[in-house]
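1. The sequence isn't on hand, but the structure is:
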């Protein structure tokens with residue numbers, strides 16, 4: 001099977017790395033890809049994804065990032081009769097419009113934080129009076145994981161309104177533990193991936209501004225079987241059923257960002273694609289072949305037989321560039337990758353110039369390793385993290401630590 005993976009980040013490198021291991025993959029391509037994906041796939045330096053798929057006559061296309069999904073890439077492919085994994089533009093509104101997602105949750109009876117959707121600064125300030133501090137403010141559209149501000153004072157909330165723009169969703173602040181719960185769907189059937197936990201803020205201890213994700217881990221104890229079934233019953237199946245009932249069936253990856261509160265799971269956000277860096281940890285831990293369920297999902301015949309997972313937990317630590325998540329400096333030389341023997345290095349913001357690997361984005365590399373226990377997985381990952389260097393490199397030193405508290 002000829003497979004095309006769309007995207008240029010760490011999520012796409014991890015997908016290619018996993019799909020390349022399948023005997024069902026006869027040829028693997030990435031558009032546009034990066035120096036990491038080039039190690040396991042043929043990179044097509046283009047953003048004309050339909051032309052790329054047609055030029056190689058791809059049997060299956062898998063979309064990584066949210067922007068082409070929101071722009072209607074799946075609609076274009078299906079109009080040409082091409083098999084693709086992802087939601088239509090209408091279904092991708094679950095991510096591209098926070099207000100649409102919140103209203104759908106209300107209609108479907110899905111537990112989520114109390115909210116107000118506003119379209120002007122004055123509306124936002126009026127709505128703030130209805131919420132206790134801290135309060136959560138979210139930009140309504142796509143924001144690459146960085147359009148969320150938790151305001152602890154009225155002054156911070158007013159600054160957030162100025163920073164995020166007038167079209168906002170304002171939410172009550174939820175207390176609990178965050179879980180990323182991702183499923184694959186063909187519009188009717190649903191196949192759950194293992195729960196993971198992302199680390200959104202830039203500094204240790206969940207401090208500082210939000211990023212696209214500074215690391216993640218995948219371990220069986222993040223959510224027990226009862227908790228997983230609760231999420232499926234209260235969140236995932238109602239969302240899939242509601243989308244189908246409203247004439248916009250959701251196909252592809254549905255990501256539920258959850259807060260496990262004292263009252264049960266509540267949805268913080270929906271995304272219309274795989275998470276990044278959750279994908280790196282998931283692909284590293286997945287024991288099942290992944291080609292078959294992806295192909296089945298693309299033509300409406302997904303089997304709900306559970307995927308198999310390795311017992312060893314996996315951990316991904318993101319190495320970020322100078323300035324991230326603000327103004328990012330690029331062009332710094334990356335060294336030490338030749339010293340990595342345990343971890344898998346997933347490239348995100350890298351480029352090759354004259355055979356020298358340089359930084360080219362905010363999140364540069366995702367160092368991912370496993371271990372017999374979560375503690376060992378964490379140690380194995382950080383042991384290799386410390387071998388890598390580029391000027392301005394920074395990373396969180398506490399990825400996975402919340403999981404250790406479950407012992």
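-> Cool, got the structure. All values derive from a computational prediction rather than experimental measurement.

2. contacts, neighbours, all on C-alpha from now
-> Will do.

3. residues touching residue 394, list them.
-> Contact analysis of residue 394 by Cα atoms under 8 Å, 6 or more residues apart in numbering lists 319, 320, 321, 322.

4. quick one: it from residue 319, how far?
-> Separation of residue 394 from residue 319 (Cα to Cα, to the nearest Å) stands at 6 Å.

5. next one: residue 195
-> From residue 195 to residue 319 the distance is 23 Å (Cα to Cα).

6. Looking at the two, which one has more neighbours?
-> Set residue 195 next to residue 319 and count neighbours by other Cα atoms under 10 Å: residue 319 wins out with 26 against 21.

7. Starting from the host helix or strand of that one, tell me the next helix or strand along the chain.
-> Secondary structure from DSSP states H and E places residue 319 in strand 314-320. As assigned by DSSP H and E, the chain's next helix or strand after strand 314-320 is strand 344-347.

8. Now do that following strand: distance to the chain's middle.
-> 16 Å (Cα atoms, centre = their mean, to the nearest Å).

9. Which residues does the strand holding residue 319 contact?
-> 213-219, 277-278, 280-282, 284-285, 362-371, 374, 377-378, 381-382, 385, 393-396, 399-400.

10. and the nearest residue to residue 8 once chain neighbours are set aside, what does it touch?
-> Nearest in space to residue 8, with sequence neighbours left out and distances taken as Cα to Cα, 6 or more residues apart in numbering, is residue 33 at 4.3 Å. Residue 33 is in contact with 6, 7, 8, 9, 12, 13, 43, 44, 45, counting by Cα under 8 Å, 6+ apart.

11. repeat that for 7 Å
-> 7, 8, 43 (Cα atoms under 7 Å, 6 or more residues apart in numbering).

12. Let me see the contact set for the second one.
-> If I follow you right, that is residue 8. Counted by Cα under 7 Å, 6+ apart, residue 8 has contacts 32, 33, 34, 348.

13. Make sure residue 389 is actually in contact with residue 333.
-> No. With contact defined as Cα atoms under 7 Å, residue 389 does not reach residue 333; the gap is 8.2 Å.

14. residue boundaries of the strands in the stretch 101-250 of the chain?
-> 115-118, 135-139, 148-151, 168-172, 177-186, 190-192, 196-198, 201-203, 207-210, 215-218 (DSSP state E, counting those that start in this stretch).

15. Columns distance to residue 227, mean pLDDT and mean neighbour count on top of these, output as a markdown table?
-> Below are these laid out as a markdown table (distance: least, Cα to Cα, whole Å; pLDDT from 0 to 100; neighbours: other Cα atoms under 10 Å):
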| stretch | distance to residue 227 | mean pLDDT | mean neighbour count |
| --- | --- | --- | --- |
| strand 115-118 | 25 | 94 | 20 |
| strand 135-139 | 25 | 93 | 23 |
| strand 148-151 | 26 | 91 | 20 |
| strand 168-172 | 23 | 94 | 25 |
| strand 177-186 | 11 | 97 | 24 |
| strand 190-192 | 13 | 98 | 21 |
| strand 196-198 | 13 | 98 | 26 |
| strand 201-203 | 25 | 97 | 20 |
| strand 207-210 | 27 | 92 | 15 |
| strand 215-218 | 15 | 98 | 30 |
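
16. Of these, which is nearest residue 237?
-> Residue 237 sits nearest to strand 190-192 of all these, at 7.8 Å, using Cα to Cα.

17. Run through the neighbouring helices and strands of the closest one.
-> In terms of contacts (3 or more Cα pairs under 7 Å, 6 or more residues apart in numbering; DSSP states H and E), strand 190-192 is packed against strand 177-186.

18. Which elements pack onto the strand it packs on?
-> Using 3+ Cα pairs under 7 Å, 6+ apart: strand 177-186 touches strand 190-192, strand 196-198, strand 251-261, helix 291-298.

19. mind running it again at 6 Å?
-> strand 190-192, strand 196-198, strand 251-261 (3 or more Cα pairs under 6 Å, 6 or more residues apart in numbering; DSSP states H and E).

20. relative to helix 291-298, how tilted is that strand?
-> 70 degrees (axes from the mean of the first three to the mean of the last three Cα atoms, to 10 degrees).

21. for stretch 70-78, which positions count as buried?
-> 70, 72, 73, 74, 75, 77 (16 or more other Cα atoms under 10 Å).

22. what do you get for stretch 380-388?
-> Neighbour-count burial for stretch 380-388 flags 380, 381, 382, 384, 385, 388 (criterion: 16+ other Cα under 10 Å).

23. Just the pLDDT for the fifth one.
-> When you say that, I think you mean residue 385. On pLDDT, residue 385 comes in at 98.
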